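Student: okay, structure incoming, though there's no sequence with it:
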C-alpha cells in the first residue's frame, strides 16, 4: 500500500489531544499498525502512570512530526479500545491532514470585533443565537473570545472577525469556558478554529506580525 508522504510510519511517536480537555494536555503515544490510510492502531495514552481512558466514538486530535518536513495533525475517531496484553486503540482519521506552522499558535493580545452565531436547541426547535463579542487574544489557530452567552465545552460556533476592512468567517469549537468579572462581558471562551480558509488564516497571521512591528516601533514591546 502506497502511503501519503505526509503520513507517519509504524513505530512513529505521536501525541494525542482530547477535544474539550481544558488542561491542554498532549499525551504521548505510538503507531502500532497502519491498516490503511485512514485506520490505525495506536498505543493507549498513559499519564502519571495511569491509563487515560478514551471512549469509543470519542473524537481526538493526533499530532506527529515528520523529519525535515514539519509537524502535522488530523482529527480522528476512536473505533475500538482493547486491553489485551497492552492498552491500545483503533482509530480512524476523519479530517484532512494539516501541516502545522508554529507561528499559527502565537497568541497576540488584541481587541477585535466578532459576530458570533450558535445554533441551539429550544425544545424541538433550532434557534440561531447571535451575539456581538470581542477577542481577548487571537492566533492563526484560535482565539479567546469575550461574550455573554453561557456556552458549554464542545459547542460549535460560527464567527465573523473584523480585521482591517475585511470580515473573516471561521467555524470553531469551544474548548474552555470561564466566568470573568468584566464591565461588558460575563464569560471567556477558548475557541479553536475547526474550519478556516488558509488565505484568511494567513491574513490573521499577517495582522499579528504587523501589529507587533508597530508596537516595537513605538517601544511598547
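Tutor: Thanks, I have the structure now. This structure is a prediction, so every number in the text was calculated from the model and none was measured.

Student: let's check: the centremost residue of this structure is which one?
Tutor: Against the mean C-alpha coordinate of the chain, by Cα atoms, centre = their mean, the closest residue is residue 192 at 4.0 Å.

Student: for that residue, which non-adjacent residue is spatially closest?
Tutor: residue 142 (4.2 Å; Cβ to Cβ, 6 or more residues apart in numbering). For the C-beta atoms, the positions are set from N, CA and C on the backbone; glycine is no exception.

Student: contacts for stretch 177-185 next, please.
Tutor: Applying Cβ atoms under 8 Å, 6 or more residues apart in numbering, the contact partners of stretch 177-185 are 133-134, 146-148, 150-153, 186-190.

Student: buried stuff in stretch 78-96?
Tutor: 78, 81, 87, 88, 89, 90, 91, 93 (16 or more other Cβ atoms under 10 Å).

Student: can you list the domains in this structure?
Tutor: 13-100, 105-216 (automatic domain parsing).

Student: average pLDDT for the last one, rounded please.
Tutor: The average pLDDT within domain 105-216 is 90.

Student: which element is residue 76 on?
Tutor: Element membership of residue 76, judged by DSSP states H and E, is strand 70-82.

Student: any chance you could map the helices in this structure?
Tutor: 198-217 (DSSP state H).

Student: tell me which two of the buried residues of stretch 78-96 sit farthest apart.
Tutor: Greatest spacing in those, by Cβ to Cβ: 87 and 93 (20.5 Å).

Student: residue contacts, residue 39?
Tutor: If you count contacts by Cβ under 8 Å, 6+ apart, then residue 39 has 79, 90, 91, 92, 93 around it.

Student: I misspoke; the intended subject was residue 135.
Tutor: 110, 111, 112, 114, 143, 144, 145, 146, 161.

Student: same deal with residue 172?
Tutor: 142, 143, 156, 157, 158, 159, 191, 192, 193, 194.

Student: ok, the fifth one touching residue 128?
Tutor: Right, residue 158. No. At 9.3 Å, residue 158 does not count as touching residue 128 under the criterion of Cβ atoms under 8 Å.

Student: redo the domains of the chain as CSV? Include distance to residue 6.
Tutor: Shown next, in CSV, are the domains of the chain (distance: least, Cβ to Cβ, whole Å):
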stretch, distance to residue 6
domain 13-100, 5
domain 105-216, 15
